[in-house]
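have a look at this fold, sequence not included:
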């Protein structure tokens with residue numbers, strides 16, 4: 001019985017230490033619901049974590065190739081937020097411009113915009129005084145909308161002419 005209690009406390013402590021409340025994730029969800037309509041989206045996954053678990057992700061990849069920059073180096077990840085939505089009705093082919101406008105108003109810079117036959121992917125960067133402070137990936141296909149937000153420190157490496 002004590003062993004079960006200890007294991008239970010460790011699990012609770014782990015999740016309490018990694019849980020992150022992010023007002024911005026709520027804002028992004030609000031913008032999605034406004035742009036697509038509440039009847040069109042059903043959230044199927046929402047995951048938020050930080051601390052040691054988020055920092056482990058830093059070790060799995062440090063550079064991403066983007067349009068405006070040769071690479072964006074991930075120096076540190078503090079928090080991760082993932083939201084997955086299922087479409088109840090087939091969406092238009094593109095992520096609504098309203099979402100992009102809201103993100104730009106909230107100081108997110110569009111780094112990558114890829115539209116093909118079945119998918120639309122956008123990657124945004126938010127910059128602070130010491131470089132990038134957030135990366136946001138939004139991906140949409142016919143069935144799902146996925147939002148992945150990383151908070152931390154990112155270094156931009158401009159394309160060399």
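Everything's here; your move. Everything quoted here is computed from the prediction, not taken from an experiment.

rest of the way, CA atoms for contacts and neighbours
Noted.

can you tell me, leaving aside adjacent residues, what's nearest to residue 25?
Nearest non-adjacent residue to residue 25, counting by C-alpha to C-alpha, 6 or more residues apart in numbering: residue 81, 7.1 Å away.

any idea which helix or strand comes after the helix or strand hosting that neighbour?
Using DSSP states H and E, residue 81 falls within strand 69-87. Using DSSP H and E, the helix or strand that follows strand 69-87 in sequence is helix 97-105.

what helices or strands is that following helix leaning on?
If you count contacts as 3 or more C-alpha pairs under 8 Å, 6 or more residues apart in numbering; DSSP states H and E, helix 97-105 packs onto helix 23-36.

residues in contact with the helix it packs on?
41, 81, 91, 96, 98-99, 102 (C-alpha atoms under 8 Å, 6 or more residues apart in numbering).

that helix vs strand 69-87, what angle?
Calculated by axes from the mean of the first three to the mean of the last three C-alpha atoms, to 10 degrees, helix 23-36 forms an angle of 60 degrees with strand 69-87.

pull out the buried residues from helix 23-36.
Neighbour-count burial for helix 23-36, with 16 or more other C-alpha atoms under 10 Å as criterion, is recorded at 25, 28-29, 31-33, 36.

quick check, nearest of those to residue 48?
Of all those, residue 25 has the smallest distance to residue 48: 9.1 Å, by C-alpha to C-alpha.

sounds good, over and out.
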